[in-house]
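>>> Give me coordinates for this.
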Amino acid sequence: MTSHQGGDGGGGRFLFAAGLADLALTTCASAWTAARGLLARSDLEDLAAQGKEDLRARGRLALDRVGGDPAHLEILARHARTRGAGGPGA
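Okay, the predicted model is just below:
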């Protein structure tokens, strides 16, 4: 019987890679099962909209936590919005 330890000519690396591959396959299999369950839902559009709103809210909270100035494009968008839809190019 052979020993699979790090000092046996790279066998440890092989076992590490095999374990990593097994973990990846297991994770992919469970993700695939979850995705199939998600696609079977009839309220998928509502669920996606709620997820989008949740991500935006999380983004706002994260930016508020940092306390930095608003992004340059955000300032431009706010400025354009205050000009209204009646201007040129509308």
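>>> Report pLDDT for the residue positioned nearest the centre of the chain.
In the chain, the residue lying closest to the centroid (Cα atoms, centre = their mean) is Leu55, at 9.8 Å. Listed pLDDT for Leu55 reads 87.
>>> same check, this time on Ala24
Predicted confidence (pLDDT) at Ala24: the value is 90.
>>> What strand or helix carries it?
Ala24 belongs to helix 11-39 when assigned by DSSP states H and E.
>>> Following the chain past that helix, name the next helix or strand.
Once helix 11-39 ends, the next helix or strand along the chain (criterion: DSSP H and E) is helix 44-66.
>>> now that next one against helix 11-39, angle please.
Angle, helix 44-66 to helix 11-39, by axes from the mean of the first three to the mean of the last three Cα atoms, to 10 degrees: 120 degrees.
>>> Could I get the buried residue list for helix 44-66?
Within helix 44-66, no residue counts as buried by 16 or more other Cβ atoms under 10 Å. To be clear about C-beta, it is placed using only N, CA and C from the backbone, and glycine gets the same treatment.
>>> Run the chain-centre distance for it.
Distance, stretch centre to chain centre, for helix 44-66: 12 Å (Cα atoms, centre = their mean, to the nearest Å).
>>> And that helix, what does it pack against?
On a contact count with 3 or more Cβ pairs under 8 Å, 6 or more residues apart in numbering; DSSP states H and E, helix 44-66 meets no helix or strand.
>>> Can you get me a residue count around Arg78?
Number of residues near Arg78 (other Cβ atoms under 10 Å) recorded here: 11.
>>> Name the helix or strand for it, please.
helix 72-83.
>>> where does Lys52 land on pLDDT?
On the pLDDT scale, Lys52 is placed at 90.
>>> circling back: any figure for the gap between the residue nearest to the centre of the chain and Ala62?
Distance, Leu55 to Ala62, using Cβ to Cβ, to the nearest Å: 10 Å.
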